[in-house]
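# Predicted structure and sequence below. I'll ask about it afterward.
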Amino acid sequence: MSNLSDKLKALGVKVGVSDIPKPQKLSGNSIRDVVDGTYRDTPHGRIFIVERFYDSGYHQGNSSLVIPTPLTTVSEWVKDARLAHLPLESLGFIDTETTGLSGGTGTYAFLIGAGRFEEGQFHLVQFFMADPSEEPALLYTLEEFLAPCQVTVTFNGKSFDLPLLRIRFAMNGLEDPFIEYIHIDLLHMARRIWRDSLPSKSLGNLEAKILATQRTEDDVPGWLIPQLYFNYLHDGDAAPLKNVFYHNSMDVVSMAALLNHITWLFKEIPDNPQILPDVQLAVARLYCDLGHYDTAVRIFQHILKTDPSSPNPLPCQLRLDVLNRLARIYKEAGDFDNAQVFWIEAAFLNDPNACIELAKLNEHFLKKIPEAIQWTLAADLAVDRGNIRNEEKMKLKSELIHRLNRLERKMQAI
Amino acid sequence: MTLQRLLEHWRNEPSINSNIMTWHETPARSGQLTQFPSNLNPRLIRALQAIGITQFYSHQARAWELSQLGKNIIVVTGTASGKSLCYNIPVIHHLINDTSAGALYLFPTKALGQDQQKSLTSLLLTINSELGHKQSPLAPAIYDGDTPQNHRAQIRAKARIILSNPDMLHTGILPHHTLWSDFLKNLKFIVIDEVHTYRGVFGSHVANVIRRLVRIAHFYGSHPTFILTSATIANPSTFAHKLVGDEVIVIDEDGSIRGSQNLIIYNPPVINKELGLRKSPFQECIRLTDDLLVRNIQTLIFSRSRPSVEILLSYLRDRSSTSDGIMVEQIRGYRSGYLPWQRREIEKGLKDGTLRAVVATNALELGIDIGGIDAVIMVGFPGSIAATRQQAGRSGRGALPSLAVLVATADPVDQFLASHPDFLVGHSVESALIDPNNLLILLSHLRCAAFELPFRKNEGFGNVDPDSLAELMQFLVVQGDLHSSGDKFFWMADQYPAQQLSLRSSSTNSIILQAISEQDETPTAVIGQVDYESALWMVHPEAIYLHEAEAFYVKSLDLEKRVAYLQTVSVDYYTQPRRETNVEILQKTIEQEELSLIRGYGEIKVITQVIGYKKVHWSTHEILGYGDLQLPPIDLDTCGYWIVLKESLVSKLRQAGLWRNDSIDYGPDWLAQRASTRARDGYRCQVCGLPENGREHDVHHKIPFRSFINYQQANILSNLITLCHPCHQKAETNVRIRSGLAGLAYVLGNIASLFLMCDIHDLSVYTEPQSDLFSGLPTIIIYEGIPAGIGFSQHLFSIHSDLMQYAYKLVLHCECADGCPSCVGPGGENGLGGKNETLALFEALFSNE
C-alpha cells in the first residue's frame, strides 16, 4: 500500500522535504538573545515584550515626539470633537507586523508595536508572539496597554491593521476592543498634505524626506517580514527577527513624530517661511474643506505674496489653483471686486477657466454683456494657447460656442 | 383541445409516426393536497393565501414536518412541483418566530438566485407589511461576486436570508467568517437548490466547501439543518449524505397536480443504410415545430450548442414569415451569451405568452420561472437523463396536457436511448457520483479550512477520521503551509489559499482559456480554464472547443505561459484528438476472474501523447480530415476499470465459426496482385517460413481492404503479404479481434457516461489487442480523466453485467450494415467498423457466463 507522501507525489503535488523529519527547535538564538526583552505573565500564559522609554527631549530626525498643542484641526479632520480636548496620554500608536498582506482569518499579527505618552515620555512596547499558541496572551497585553487610551493612531490602519486586529480578537472569542476609539490614519493625512510634493507617501519616504531620518542597516523591507517569521517558526533561530523589531519600532516612533510634525504645520502655516508653498497650499485646501475660509484666504494671500521669491516656487498649475480658489471664495462671499482681481490675474496666465468665470460673473451678476463677450473670446484664445488635452479642448471649445451664441442673442435683445 | 388534435394528427400521419420510437403517456394526476399544518405561523398562512396558495401538496407538507423535527431533507419531486415552498416555508416560519435566526441559500447559477429572490420577496410582501415597524423587514439579499462593495457591510450586518453560491462561499465568505459572526451564530437552515448539478469534480469540491461551512458554523455554536432539492437521480440518499456529511431523508413522492404528459422519442429516418446516415435532426425538428406553431401551440426548443440554436432560429424565422399569424419577433433565441436584460425579457415573453417559440441552450433548463409551456422539443440528448427530465418538465401548465419530444441525433447515446426508452421513463439509472475524499481535492480544502480556523489534533473533517486527518496535516506541515504547536495546526503562509483554488478543476496547474478577437488577435475575455492534463487534448492547437455551448477554434496553446488562445468560430465540424497512450497498472484494488474474461479496477498510470486530431462533421459524424501535432506526453495517475479477454475466448474466436465469412470483392487487379505478392515472397509464408506445397498460400492485406477508399490503394504490393493458411487465420483473427475489441470499447465508452452521469470527456478508453499488462491478451481499460479518480471505475465494476447487456443490445439493434458512429464506431480505420466482430465478441462472452 503506497504511503501518503508517495501518493501525493505521484499525483503531481509538489512535495517538499517529505523524507526529512521535522527538525527540532535548534539551539539557534532564542529571542531573548537577540533583542532586549522579557517574558511577562498573563492569565493566558506568557508573552515576550520589549520596552523602551523615549524622554521628552528625544528627536526622531528633526522632530520631537511630544505634541505641545491640542489636536484641534486633526479633530475636525477626523470629524470627532472629543479629540480636541483629550490629553496627549489618550493617544495609542499601533503598528503590526503580520504573516501576510491578504487579510482574512488566516493572517496573524505576530509582532505588535504600540506606543503611548506617559508624563512627557513616549513609552514604546513591542509584543511578540513567539508561537501562534501565544496569541491569547498577545491580545490580552495589547488590550491592557491600550486601555488608558481613547484614540488609535496608525499608518494605513483603517484598511489594514485595525480590521486585522479585529479579526484576531474575534477568532479568539473576544470582544472588539476598538469600538469606542477615535481613529487617526496618518496615511490619509499624509496623502492630503504632501499630495503635490512627494511622489511616494510611504512611511519610509516620509521619514526620510520630512523627518530627515535615516534607518540603519538593521532595517528590513516589509515584504520580507512574513518569511522571516516562518523561518523562525521552522528553525527556531531568532537572529533575523532583530531586524523586524527594529523596523517595527522605527515605524511606531516615526508615526508619533509625524503626527507632531503635522500639528506643527497647522500651527506654523502660513507664517513660517521654512514651509514650502505646495505644503501650504495643501493645508489651505484642507481648511477650505473644513469650512475655515478666513484662514484659507490668509494662507492663499500669503502664498501669492511670498511664492515668487521662494526657493521652490509653485508650478503654474498650482498657482492658478490658488488664484481660482481665492476668487471663488470671494465670489461666494459676495465680494465681486476681489473675486475679479484674482480671476483677472489667472486670466493673464492663460487660464481659460478664469476667463469663463469672469464671463459668467459679468453676464449673471454684473449684467455687463459686452465684457462677458470679451471674456468669452479671451477664454477661447487661452484654450488655444494653453497646454490642454485634446478632448478637454474640444469640450471647452464647444461650451464656449454655446456661451458666445447666448451672449450674442442677449446683445441683440438689448 | 389543440394539443390533442395535433397528437391525433401525428399518430395518424405515417411520415411522422413511422419515426416515433416511443410514445409514453403519463396519465394526469389530481395531486395529493393537505390543509396547512395547524402550527404554521398564521402570518405565513395569510401570505400564502395572498399569492393564491391555499393548501400544501403532500411533499410540501412532508418537508415541513421533517424540518420541524430538525431532519435534513432532499426533495426529489419533478419540475414545477413547488419545490421552493419546501424550503421557503420552514425557513420563513422559523425566521418570523425567531427574530435573530438566519438562513443561507446556495444556487448553482446567478440567474436562479435572482429568480428565487424575486419569488421570495413577493411571498414576504404581506408578512413584512403586517410586521410593520415591530420588526425590520425580512429582505432576502443576494451576496455574490456582483454585489457592490458598498452594500456588503450592510448585508452582512442586517440580512437574515442570504442568497449566494458555492464559489462565493468558498472565496468570499468563509475566509472572512468573523465578519459574519452574528449571521453564522444564528444560522438555522442551509438550503441547497438543484444539488444534482454538484457532481463529479465540481461536486467533490462543493462537498468540501460545505464541510468547511459546517465546521465554521460549529465554531460559532450553530447546527443548521439542510434542505436540498434535486432532479431525479438513482442515488439521492447516498449522494446527499456525501454532499452534506450527514444523514438526509429523501422526499420523492410527488403530490403536485399534473396534466397528462406525452413523451415522444423521435428518430429521424435512415437515408443511407450503408453508412447508417440519418436525416438531419434539425430539419426534423423544424418540421415538427411547424406543426405546432401552425396550431399556435407555444413551443420551447432545446438544442445542445449555441451555433445550433442560431441555426434553428434562422430556419424557424424563415418559415414563420410564410406561415400564419406568427411574427418573426415572436420567435427568439436564448443562451448565456445574451445580456441579462434580454434574458429577462424572453423569460417574461414566455410566461405571458407573447413569445410563441424560443430556441434555447440548457441555460433555460434550471428552475427559472417561465410559467408552463405547452410543448418542448429537445434536439439531441441533453447529456444526462436528469437534464432530459428537467427540459421535458418545462412543458405542462397545471392540469393541462403537455408534450415533450426528444429528437435523436446520430450520437450513440441518442440512438441507444431511442431503442431503450425505459431509461428515460423508468427508474433512473444515473448516479450522481462524488468523492469528497479524493486526495488532491481534500488537501486543497484542508489548506483553506486551516486558514479559516486552526485544526485541533483530535479533530476530524467531514468523515475523515482524526488519525487520517493528522497524517494529512503533517504532510501540510512539511509542505510549509502549516505550523504545528501544542494541540493545534496553524496556517502559516503568506497566501490566501481559497483564491488559488478553482472549484471546477482538479489540479492547481491550470491553463487559462483566453478568447482573442478574430481580426487582430487582441485579448477579449477569459472564458474559463482547464487542467493542464486535459488541456493537451481538449484545447490542442487547431482544436474546436465547445464552451457553454459556443464553439471556439484554438489558435495556439502556450504551455509555458499556461494560456490557450481561442477565437469564436462557426464551423460544421468538431475535432477529436488522436492519442498514443500507454498504461501502467500501479495497484489492483479488486480483480475478478470469470470464464471468458478478467475484470477489475484500481490505480493506474496513463502516459498519453496527443499526436494529432481528426475533424468530424458534427451531424453526420463523417471524418473530414486530419492534422498532426507536436505536444509533450502527459502522466496521469488515476483510477481505471479493465476488461481482459482470456486466452480461452481468443482461441474460440480463432476457430472462425463465429462470424460470417465475408465475400468481399477485392477488385479487378486482385488476382494479378496476389500472384505478384506470392512471387515476390518466394512462395513462402512470411511468418513461419513454410513453403507452398501443392496448395497456394493466402495473401493477406496488412491494412484491411475495407479501410481504403479504392481497391488500387488497398492492393499495392507493400500492403500485401504471403501467409500460409494457419498463419493467415491467426492474422485475420487478430485483425478481427482488434476490430471487435475496438467496437466493444467504443460502445462501452459511450454508454458508461450515461450510467455515471458524467461528461463524455471525464472518461477515456484505452484498448490494446496484445497488452503487455496482461500477458499479451486483448484488453480494454476505461479510465477517469481526474487525477486519483472520483469513483467512476468502481461504479463501472459493479454495474458491469448491466453495462455489457445494454451495449450488446445497442449494437445488435443498430440499423446499419457493418458498423457506424452510432454503434461500434466509424468504419474503415485500423479495422474499426467491425459490427459483426463486435457482436461475435459479445456472444462469445455471454455464452459462457
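Thanks, I have it. Only a predicted model underlies this, so the values are computations on that prediction, with no experimental measurement involved.
# Quick check: chain neighbours aside, which residue is closest to B:G333?
B:L313 (4.5 Å; Cβ to Cβ, 6 or more residues apart in numbering or on different chains). Quick note: C-beta positions are derived from backbone N, CA and C, even for glycine.
# I'd like to know which elements the helix or strand where the one you found lies is packed against.
Here B:L313, judged by DSSP states H and E, is contained in helix B:306-320. Helices and strands touching helix B:306-320, as assessed by 3 or more Cβ pairs under 8 Å, 6 or more residues apart in numbering or on different chains; DSSP states H and E, comprise helix B:281-294, strand B:299-303, strand B:331-334, strand B:357-360, strand B:550-558.
# now those as CSV including distance to B:R152?
CSV is the format used below for the helices and strands packed on helix B:306-320 (distance: least, Cβ to Cβ, whole Å):
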stretch, distance to B:R152
helix B:281-294, 46
strand B:299-303, 37
strand B:331-334, 31
strand B:357-360, 33
strand B:550-558, 32
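# would you list the ones you listed in JSON lines and tack on mean pLDDT and mean neighbour count?
Shown next, in JSON lines, are these (pLDDT from 0 to 100; neighbours: other Cβ atoms under 10 Å in any protein chain shown):
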{"stretch": "helix B:281-294", "mean pLDDT": "91", "mean neighbour count": "20"}
{"stretch": "strand B:299-303", "mean pLDDT": "94", "mean neighbour count": "27"}
{"stretch": "strand B:331-334", "mean pLDDT": "87", "mean neighbour count": "23"}
{"stretch": "strand B:357-360", "mean pLDDT": "92", "mean neighbour count": "27"}
{"stretch": "strand B:550-558", "mean pLDDT": "89", "mean neighbour count": "18"}
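# do you know how far whichever residue of chain B sits closest to chain A is from A:A170?
Nearest residue of chain B to chain A (Cβ to the nearest Cβ) works out as B:F451 at 3.2 Å. B:F451 sits 15 Å away from A:A170, going by Cβ to Cβ, to the nearest Å.
# Was I right to think B:R332 contacts B:T354?
No: using Cβ atoms under 8 Å, B:R332 is not in contact with B:T354, being 10.1 Å away.
# With neighbour numbers in mind, choose between B:F451 and A:A170.
B:F451 (26 against 16; other Cβ atoms under 10 Å in any protein chain shown).
# Not counting sequence-adjacent ones, nearest residue to that one?
B:F451's closest residue in space is A:G106 (Cβ to Cβ, 6+ apart), at 3.2 Å.
# Kindly list the main-chain dihedrals of that neighbour?
Main-chain dihedrals, A:G106, degrees, to the nearest 10: phi -100, psi 10.
# Check the chain for its longest helix and report it.
Let's take chain A. Ranked by residue count and defined by DSSP state H, the top helix of chain A is helix A:241-268.
# if you could check chain B rather than the one you did, that'd help
helix B:725-756.
# For the next helix or strand after that one, the averaged confidence score.
Of the helices and strands lying after helix B:725-756 in sequence (DSSP H and E), the nearest is strand B:763-771. Mean per-residue pLDDT for strand B:763-771: 85.
# Is the helix or strand just after strand B:763-771 in proximity to chain A?
Tracing the chain past strand B:763-771, the next element assigned as helix or strand by DSSP H and E is strand B:777-784. No: using Cβ under 8 Å from any Cβ of the partner chain, strand B:777-784 never reaches chain A; the gap is at least 12.8 Å.
# Show me the shaky parts of chain A.
By pLDDT under 70, the weakly predicted segments of chain A are A:1-6, A:8-28.
# residue of it with the smallest distance to chain B?
Nearest residue of chain A to chain B: A:G106, at 3.2 Å (Cβ to the nearest Cβ).
# Might one say that that residue is in contact with B:A450?
Yes: here A:G106 reaches B:A450: they are 7.2 Å apart, a contact under Cβ under 8 Å.
# More neighbours: those two, which one.
Neighbours of A:G106 and B:A450, each counted by other Cβ under 10 Å, are more numerous for A:G106; the result is 28 against 24.
# Format the CA atom coordinates belonging to stretch A:229-244 as CSV.
Extracted C-alpha coordinates of stretch A:229-244, given in CSV (Å, rounded to 0.1, in the frame of the first residue of the first chain):
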residue,chain,number,x,y,z
TYR,A,229,8.8,34.8,10.8
PHE,A,230,8.0,31.5,9.1
ASN,A,231,11.7,30.7,9.1
TYR,A,232,11.9,31.4,12.8
LEU,A,233,8.9,29.1,13.4
HIS,A,234,10.6,26.4,11.4
ASP,A,235,14.1,26.5,12.6
GLY,A,236,13.9,28.4,15.9
ASP,A,237,16.6,30.9,15.0
ALA,A,238,15.5,34.3,16.2
ALA,A,239,18.5,36.2,14.8
PRO,A,240,16.9,37.6,11.7
LEU,A,241,14.0,38.8,13.8
LYS,A,242,16.2,41.5,15.3
ASN,A,243,15.6,43.5,12.0
VAL,A,244,11.9,43.1,12.3
